[in-house]
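Visitor: here is a sequence together with a model predicted from it:
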Amino acid sequence: MSKGDKAAEIRRLMATEGPAIEENTKGFNRRRREAVADLENYEELRTRAREIKEDAIDRLPELIDELRESVEANGGHLYVADDPEDANRYVRNVVADNGAERVVKSKSMTTEELEVNDALEADGVDVVETDLGEWVVQLADETPSHLIAPAIHRSRESIADLFREVFDPDDPPETADELTTFARNRLGELIRDADVGVTGANFVTADSGTMALVTSEGNARKCAVAPDTHVAVAGVEKVIPSTDDLSPFLELLARSGTGQDLTAYVSLLTPPVDSPTLDFDDDETPLSERGSDREFHLVLVDNGRMAMREDDQLRETLYCIRCGQCSNSCANFQHVGGHAFGGETYSGGIGTGWEAGIEGLDTAAEFNDFCTGCSRCVNGCPTKIDIPWINTVVRDRVNRGTEPEGYDFLVEGLTPDEEPGGLDLDKRLFGNFETLAKLGSATAPVSNWLADTGPARWALERVAGVDSRRDLPEFQRETLVDWFRNRVSTVSDPTREAVLYPDVYTNHVQVERGKAAVRVLEALGVSVRIPSMPSSGRAPLSQGMIATAEAHAHDVYGALAEHVDAGRDVVVIEPSDLAMFEREYERFLADASVERLQEHSYEIMEYVYGLLENGADADALRGGDGHEVAYHAHCQQRTLGLEAHTTAVLEALDYDVVTSDVECCGMAGSFGYKDTYYELSMDVGDDLAEQFSTAETRDRTVVASGTSCLEQLDALLARPSRHPVELVAPR
Amino acid sequence: MATTTTNPTISTFEDALDELGVDLTRTAADEFAATLDDVVRDPAVGVPLPFDVAYPDSVTVDPTPAALERAETGVTPASFGVANYGSVLLPSTADGAEPVSLYPELHVPVVRASDVLPDLPEALDRFGDVARENGASTVVATGPSATADMGELVLGAHGPEAVHVVMLDE
């Protein structure tokens, strides 16, 4: 798909499916936050779930052997299928052997992956989805747009329209109650006479051969026990060692997905189950005498998973329990849903890992850009998967898989990175922002004037996909490092020594926030240094340029190590750079190095908070005197749990603070500049613009911590925004 | 009401059921038949209970599948209650407890007060022992069947729209 087509598709989905998806995912997300806040041992459960998954995937072949013994001892059959053809052949044979005319199914993403329905329908079998949402998707001939809520993109009205079109009923159902009754009656009839029931499985325990089916409607229970034959289809990664391991997952799954404690039904079936088979025409034989001569087949599917298990970066994807949290908490998903932010089967943040492992990089590449690495999904993942990292890895592999499409020496000259020649020009441009910024500052103001001229903007859009509707950053002639070099410290008897980390933006563009930070630190008795430093690697990392980012990590650590050894604190203004030190550097540096760096690094307002707590004189800073402020914290800062410090400092200095609960104000950073995503970025940002335009907030001074937040807010609001440190800095 | 208790597990169970919108009636063994008679909607079917109680005449015990399909109420034993979630563990048995708990609009699980356990791990521990030993199956049921797929929350999707727990004090 061309970038223009993609932008058009995003626009279409934002208009048609966006509203229903936004309302539903935000509801799930809000209820999840409330539900986990009530859970005393939430973090313990996550830790335990992660440990079980790590162990299970590590020992998977041996667990499958154990499971086979358990299933066979119970009287069932286990088949491990290599790929979709293999799995479908097995299922088709079971269906044919039973002479089945109708198969009823309980929702299963694995069977979506295999396209089991198509395979059975080709054999002339009537296949009926019985989960109400999945049935809607089947009737509309669509694909699920969400892992756990397949029809989340459809409103009640559009479902009513669909039922009218398909069934032309005498008395068309309209309300949710009527629609549900209509569906239940219709599906009830179909289940009644079905020959085979197909389900997925959320978990399968090796010790007993028990499978857990988590549902709310009860359709999985009916599919599993009403027909004489039950076929369960699941990825091999669903196997866990024992029934004792089920409880952390069951306690986390519904909470993470929809915010429920538990879904209505968790079936723990050790098939073949003892329940009698049902023939509702039988009014002679009591249930207890009907017998339970039923057949059970468990089909475990590899389809790339065993290779993912061997892949150090993609392995974590197998810890996914398909709760959908990463979709619900993702600002981009909330606006476009799984039909844009998804591949052939799986969608949302973790979908990239699944699609890369199962379908291949081409499929994953189509929606991989939607993850901006904002990390908003990280703290809510029940098995602590680093979803942004998986997306970065996939992006890197996509970059590397690209064939060179012509060599542009001008751009190549601007891009001294570690990446292969075929990398997309726009990625390369954004990934090398540091070089661009250096050149921009050195030639400012001419560079700013030149970049903003019509022909230059046209060229930028055409060559590098920079949307001409977006204001470009304005490079400052005098960088923060240059300004600081020519300056005399005002601190004679320092309480502490700090290195203020000159991130690319603060150094070249938002120099004022850097100067304000210096004034604040010195006013609180801290001796400040601003050495020239390499950039953190955030920009290349967000383009998937991992080798370049790693090279930066080594350089940055090299440049900071001696300062840390000398007892100096490292103070970081840009939250996304601090997040590099705190999260991604763990991937690049030796454990001892990264620990040392992390132990001594602080976000600027966190550091100010610490100084004030330790007796620094707050009167040295500019007090608010009740001044009204609207504060937006940065997404990665929130993931690190650092947003409260800014609010605390502002309130201690007598500012009247309102904070936004919009967790991400747009597709972060460079993504808002890309013409493919510009409109999505603005749409996502509208939530924040609305929050800061109410009667209570519209006259407040806007402050925000991150560069991308500041830029997005400037694009969205008529009034300017700035970093909180600029507010409190003495003049 | 046969007994009142200050047992914290039981009161947690009561609160959780209340929050789920699930009715609870407590009864003693000798009043069981009369209590159940008040709770069920006709026609009612039930599976034999492994407790020392008698069914009222209003309940057809061990029904045929056709009778099950006609029933408004299904009565089944619950092997355990889970206090903090208001869940009941419904064993799948050869006498049809699974379909009887699922098909009728009203489900009445009968649980002994002494079988109400504090939390899910404890209930799963007990289940795990029997699953490994004899391949037992069970359903952890928490409130009535529900769906949100049609635009808002609706009770009674494929399963019962109402649950009424009868707790047996012994």
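Guide: Sure, I can see it. Numbering: from 1, shown residues only, chains lettered A, B, ... in the order given.

Visitor: quick one: the helices in chain B, in order.
Guide: Here chain B has its helices, by DSSP state H, at B:8-20, B:32-39, B:65-70, B:97-102, B:120-134.

Visitor: count of neighbours near residue A:82?
Guide: 12 (other C-beta atoms under 10 Å in any protein chain shown). (Glycine included, C-beta is placed from N, CA and C.)

Visitor: same check on residue A:481?
Guide: So residue A:481, with other C-beta under 10 Å, has 18 neighbours.

Visitor: OK, contacts around it?
Guide: For residue A:481, the contacting residues are A:502, A:507, A:530-532, by C-beta atoms under 8 Å, 6 or more residues apart in numbering or on different chains.

Visitor: tell me the contacts of the residue lying farthest from the centre of chain B?
Guide: Centroid-distance maximum for chain B: residue B:151 at 28.6 Å, with C-alpha atoms, centre = their mean. By C-beta under 8 Å, 6+ apart, residue B:151 lies in contact with A:155-157, A:159, A:176, A:179.

Visitor: now, which of those sits nearest residue B:127?
Guide: The closest of the contacts of residue B:151 to residue B:127 turns out to be residue A:176 (C-beta to C-beta; 34.4 Å).

Visitor: export the contacts of residue A:481 to a markdown table and tack on pLDDT, distance to chain B and neighbour count?
Guide: Formatted as a markdown table, the contacts of residue A:481 follow (pLDDT from 0 to 100; distance: C-beta to the nearest C-beta, whole Å; neighbours: other C-beta atoms under 10 Å in any protein chain shown):
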| residue | pLDDT | distance to chain B | neighbour count |
| --- | --- | --- | --- |
| A:502 | 97 | 50 | 24 |
| A:507 | 95 | 50 | 27 |
| A:530 | 97 | 54 | 24 |
| A:531 | 96 | 54 | 15 |
| A:532 | 95 | 56 | 13 |
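
Visitor: farthest pair within those residues?
Guide: A:507 and A:531 (11.3 Å).

Visitor: does residue A:638 touch residue A:663 like I think?
Guide: Yes - using C-beta atoms under 8 Å, residue A:638 makes contact with residue A:663 at a distance of 6.3 Å.

Visitor: need the residues touching each of these two.
Guide: In contact with both residue A:638 and residue A:663: residue A:376, using C-beta under 8 Å, 6+ apart.

Visitor: which residue lies farthest from the center of chain A?
Guide: What lies farthest from the middle of chain A is residue A:284; by C-alpha atoms, centre = their mean that is 55.3 Å.

Visitor: could you report the separation of the residue most central in space within chain B from residue A:262?
Guide: Closest to where the C-alpha atoms of chain B average out (C-alpha atoms, centre = their mean) is residue B:109, at 1.6 Å. Distance of residue B:109 to residue A:262, given as C-beta to C-beta, to the nearest Å: 15 Å.

Visitor: again, but for residue B:46
Guide: 25 Å.

Visitor: for residue A:481, same thing?
Guide: On the measure of C-beta to C-beta, residue A:481 and residue A:262 end up 56 Å apart.

Visitor: can you check residue A:424 too?
Guide: Counting by C-beta to C-beta - residue A:424 and residue A:262 are separated by 45 Å.

Visitor: likewise residue A:291?
Guide: Relative to residue A:262, residue A:291 is positioned 32 Å away (criterion: C-beta to C-beta).

Visitor: of the two, which one has the most company?
Guide: Taking neighbours as other C-beta under 10 Å, residue A:291 and residue A:262 compare with residue A:262 leading, 22 against 12.

Visitor: so what's the backbone phi/psi at that one?
Guide: phi -140, psi 150 (degrees, to the nearest 10).

Visitor: okay, buried residues for stretch A:279-288 please.
Guide: A:279-280, A:282, A:286-288 (16 or more other C-beta atoms under 10 Å in any protein chain shown).

Visitor: what about chain B: which of these touch it?
Guide: A:279-280, A:282, A:286-288 (C-beta under 8 Å from any C-beta of the partner chain).

Visitor: and residue 153, how many residues sit next to it?
Guide: You didn't pick a chain, so chain A it is. Residue A:153 - counted by other C-beta under 10 Å - has 25 other residues nearby.

Visitor: not what I meant, chain B
Guide: 12.

Visitor: ok, it - contacts?
Guide: Contacts of residue B:153 by C-beta under 8 Å, 6+ apart are A:176, B:146-147.

Visitor: rewinding a little: how about the helices of chain B in JSON lines, adding mean neighbour count?
Guide: Shown next, in JSON lines, are the helices of chain B (neighbours: other C-beta atoms under 10 Å in any protein chain shown):
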{"stretch": "helix B:8-20", "mean neighbour count": "17"}
{"stretch": "helix B:32-39", "mean neighbour count": "17"}
{"stretch": "helix B:65-70", "mean neighbour count": "19"}
{"stretch": "helix B:97-102", "mean neighbour count": "28"}
{"stretch": "helix B:120-134", "mean neighbour count": "18"}
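
Visitor: among the ones you listed, which comes closest to residue A:310?
Guide: helix B:120-134 (31.0 Å).

Visitor: helix or strand: which one has residue A:606?
Guide: Following DSSP states H and E, one finds residue A:606 within helix A:604-613.

Visitor: point out where chain B drops to low pLDDT.
Guide: B:1-5 (pLDDT under 70).

Visitor: please state the backbone phi and psi of the residue nearest to residue B:95 when sequence neighbours are not counted?
Guide: Nearest non-adjacent residue to residue B:95, counting by C-beta to C-beta, 6 or more residues apart in numbering or on different chains: residue A:288, 4.0 Å away. Residue A:288 adopts backbone torsions of phi -70, psi -20, taken as degrees, to the nearest 10.

Visitor: do I have it right that residue A:288 meets residue B:94?
Guide: Yes - using C-beta under 8 Å, residue A:288 is in contact with residue B:94, at 6.4 Å.

Visitor: so where do the strands sit in the stretch 201-350 of chain A?
Guide: A:203-205, A:210-215, A:229-235, A:239-240, A:265-269, A:295-301 (DSSP state E, counting those that start in this stretch).

Visitor: what pairs with the last one, parallel or antiparallel?
Guide: Yep, that's strand A:295-301 we're talking about. Using DSSP bridges, strand A:295-301 pairs in its sheet with strand A:77-81 (parallel), strand A:229-235 (parallel).

Visitor: please save the CA atoms from the last one in CSV.
Guide: As requested, C-alpha coordinates have been extracted for strand A:229-235 and formatted as CSV (Å, rounded to 0.1, in the frame of the first residue of the first chain):
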residue,chain,number,x,y,z
THR,A,229,-17.4,-34.1,19.3
HIS,A,230,-15.2,-31.3,20.6
VAL,A,231,-12.2,-30.0,18.8
ALA,A,232,-10.0,-27.5,20.7
VAL,A,233,-7.5,-25.5,18.6
ALA,A,234,-4.7,-23.5,20.3
GLY,A,235,-1.2,-22.3,19.8
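
Visitor: how far out from the middle of the chain is it?
Guide: 29 Å (C-alpha atoms, centre = their mean, to the nearest Å).

Visitor: show me where pLDDT drops low in the stretch 201-350 of chain A?
Guide: Ranges of the stretch 201-350 of chain A meeting pLDDT under 70: none found.
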